[in-house]
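Student: Dropping a prediction and its sequence here:
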Amino acid sequence: MEVAVAEKQKPASTWGPMAIIGLLFFVFGFVTWLNGSLIPFLKVICDLNDFEALFVTFAFYISYTVMALPMAWVLGRTGYKNGMALGLAIMAAGALVFIPAALAANFTLFLLGLFMIGTGLTILQTASNPYVVLLGPEESAATRISIMGIINKTAGFVVPLIFAAVILSDLGDTSHLADMSADEIQGLAHRLITPYLLMAGVLVLLIGLIKFSSLPDIHADDHESEEAADFLGVFRFPQVVLGTLAIFAYVGVETIAGDTIGLFGSKIGFAKYAYLTSYTMAGMVIGYTIGVFAIPRLFSQQAALIGSAIAGTLSVLGIVLTSVDNSGISEALWGWSGIPTVPNPIFFVAMMGMSHALVWPAVWPLGLSGLGKYTAYGSALLIMGIAGGALLPLAFGHLSDVLGDMQAAYWLGAPCYLYILFYALKGHKLRSW
C-alpha cells in the first residue's frame, strides 16, 4: 500500500499542514510523558514495587505493537485525516477511564485507560510520521522530524510542571508520600481526575480542528498491484526490518530515561523528584534543536545516528560509574531545590535524552528509503518497534528489583545503544538479506 499525498490535494505551502501536525506532536508528547510523572504516584496509590509500577509503560507502549496493523487497516478504510480524528476520540475515551480508576484506586483500570490512549496514539503516529517525511525532500526529512521532536519533547518538559502544579500544589515535600495514611492516599488518587478530565476535553476540541482543517489526505495509490497488499512483503527489506529493531532499542532507552528518572530520584533522596522528567525532556529538546540546524547542513542523518549511539553509551557509563554519595546537587533554579548537576548519576540519565534525541528522526527516513509501494506497511512496522517502550522498562524494573540497585539496572541501555550504532554503520545500507 503506497503512501502518497494526492497532487490535487497538496497545498501551495506546507506550513499549514506542518503546523497542524506539529500540534498533534505536542499532544503526543504531553500524553506520553505524563507517564513519567504518573508512575511514582501510582506506585504509592496502588502499593506497587518497581517492576509492577513499570507496567504503566508496558500498557501504554504495548498498544503500539498490538494495534499497529489493525489501525493501519482502519486508516486504509477511513483515510488518514478521518483516522486521526478517530485516534483522538479513542484517546479521549481512555482519558475518561481515569475517572473511575482514580475513584476506585484500581490499577487495572489505570492500565486499561493507558492502553486505550496508546491505541489512539498508534493511529495518530502511523498517519502523521509519513506526512512529515513526504511533505518535502527526503534528504531533509530528519530536519522536519526534528522540528516535530522539539515540539513533542517541549510538551514532555512542560507536562511534569503542569502535573506538579495541579496534583501537588499544596502537598509540599513529596518525599513523604510513601508514609501517607489510607485516607491521604485515596485523596491523592482523586487528584488524578482533574488533569485527565482536562485532557479529554482538549482532545475533543482537536477532533473538530482535524475534521475541519485543510490538511491534505494521504491515501493508497489507486494503481497499486495486488502484491502491495501483502504485508509480509515488507520483510524483504532489511533496512526497515533492522530499522524497526533500532526503533525498539531507541524507544526502550528513551522511556527508561524519561519514565524511571523520577523513581531513581526518589530512591536517592531528591525532594522534587516529580519534576525530574522535565530534565530528560529538556535534554531531548536540545538534541532535536541540534538536528534542525545541523542536518543535512553540517552532517548527514547517518552521522547523527552514529553520534547519538556513542553519546548514549557514554551516558550509560556516566550513570553506573558515578557515585551517588558524591553527587553534585545545586540548590536553586526557578525556586526549585535538588537540581541534578555533574557528577550526579541523575544528570547522566537526563543526558541520555540529549544523546538519543536524533535516533527517531534519523531512522525513519533511512528505514523507509526505497520501500515504494510498501511505505505504509514499513511505517506500520516501524511503529510496532515502539514496543521497546513496553518491554525494556519492564526488564529494567525486574533488574532493579533482582539486583536491589536501580543504578546498576541502567546497564541495560548499553546493548541498545550499541545496536543503534550497528544500524547507523551498516544496517540501514542493506537492501537484501
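Tutor: Received it, and whenever you're ready, just let me know what you need.

Student: Can you classify residue 269 as helix, strand or coil?
Tutor: Recorded secondary structure, residue 269: coil (DSSP: H, G, I helix; E, B strand; the rest coil).

Student: Number of residues surrounding it?
Tutor: If you count neighbours by other CB atoms under 10 Å, residue 269 ends up with 12. C-beta: built from backbone N, CA, C; applies to glycine.

Student: now do residue 314
Tutor: Residue 314, neighbours per other CB under 10 Å, totals 14.

Student: Next up, the contacts around the nearest residue to it once chain neighbours are set aside.
Tutor: Spatially, and ignoring its direct neighbours in sequence, residue 314 is nearest to residue 355 (7.4 Å; CB to CB, 6 or more residues apart in numbering). Residues in contact with residue 355 (CB atoms under 8 Å, 6 or more residues apart in numbering) are 283, 287, 308, 311-312, 314-315, 417.

Student: please redo it, this time with the cut-off set to 10 Å
Tutor: 253, 257, 283-284, 287, 307-316, 348, 413, 417 (CB atoms under 10 Å, 6 or more residues apart in numbering).

Student: among the residues you listed, which are in strands?
Tutor: Assigned to strands by DSSP state E, none of those qualify.

Student: Please indicate which of these are buried?
Tutor: Restricting the contacts of residue 355 to buried positions leaves 253, 257, 283-284, 287, 307-313, 315-316, 348, 413, 417, with burial counted as 16 or more other CB atoms under 10 Å.

Student: where in the stretch 251-400 of the chain is pLDDT low?
Tutor: 270-274, 325-343, 376 (pLDDT under 70).

Student: how about 50 then?
Tutor: 326-337 (pLDDT under 50).

Student: Can you get me the start-to-end distance on stretch 395-411?
Tutor: For stretch 395-411, the first-to-last residue distance is 11 Å (CA to CA, to the nearest Å).

Student: Check what contacts it and list those residues.
Tutor: Contacts for stretch 395-411 (CB under 10 Å, 6+ apart): 39, 48-55, 57-58, 252-253, 255-257, 259-260, 263-264, 266-268, 315-324, 345-346, 348-349, 352, 412-413.

Student: Now stretch 117-131: average pLDDT?
Tutor: In this model, stretch 117-131 carries a mean pLDDT of 80.

Student: how about the strands in the stretch 151-300 of the chain?
Tutor: Applying DSSP state E, counting those that start in this stretch to the stretch 151-300 of the chain gives strands spanning 218-220.

Student: now the helices for it?
Tutor: 182-190, 193-211, 238-259, 261-267, 276-294 (DSSP state H, counting those that start in this stretch).

Student: how close does residue 415 sit to residue 26?
Tutor: The gap separating residue 415 from residue 26 is 32 Å, by CB to CB, to the nearest Å.

Student: Which of these two has more residues huddled nearby?
Tutor: Neighbours of residue 415 and residue 26, each counted by other CB under 10 Å, are more numerous for residue 26; the result is 19 against 13.

Student: who touches residue 357 in this structure?
Tutor: Going by CB under 10 Å, 6+ apart, residue 357 touches 146, 149-150, 153, 250, 254, 281, 283-291, 304, 308, 311-312.

Student: Repeat the analysis, applying 8 Å as the threshold.
Tutor: Each residue near residue 357 by CB under 8 Å, 6+ apart is listed here: 146, 149, 153, 283-288, 290-291, 308.

Student: Equivalent analysis for residue 152, please.
Tutor: By CB under 8 Å, 6+ apart, residue 152 lies in contact with 25-26, 28-29, 32.

Student: related to what we said a few turns ago, out of the buried ones among the contacts of residue 355, which sit inside helices?
Tutor: In this view, the buried ones among the contacts of residue 355 that belong to helices under DSSP state H are 253, 257, 283-284, 287, 307-313, 315-316, 348, 413, 417.

Student: Give me the below-cutoff pLDDT ranges for the stretch 1-150 of the chain.
Tutor: Looking at the stretch 1-150 of the chain by pLDDT under 50, you get 1-12.

Student: Can you show me the helices along it?
Tutor: Going by DSSP H, counting those that start in this stretch, the stretch 1-150 of the chain shows helices at 15-45, 50-53, 55-78, 80-104, 107-134, 141-167.

Student: Any chance of JSON lines for those, columns distance to residue 190?
Tutor: Compiled in JSON lines, these are given as follows (distance: least, CB to CB, whole Å):
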{"stretch": "helix 15-45", "distance to residue 190": "10"}
{"stretch": "helix 50-53", "distance to residue 190": "20"}
{"stretch": "helix 55-78", "distance to residue 190": "18"}
{"stretch": "helix 80-104", "distance to residue 190": "6"}
{"stretch": "helix 107-134", "distance to residue 190": "13"}
{"stretch": "helix 141-167", "distance to residue 190": "10"}
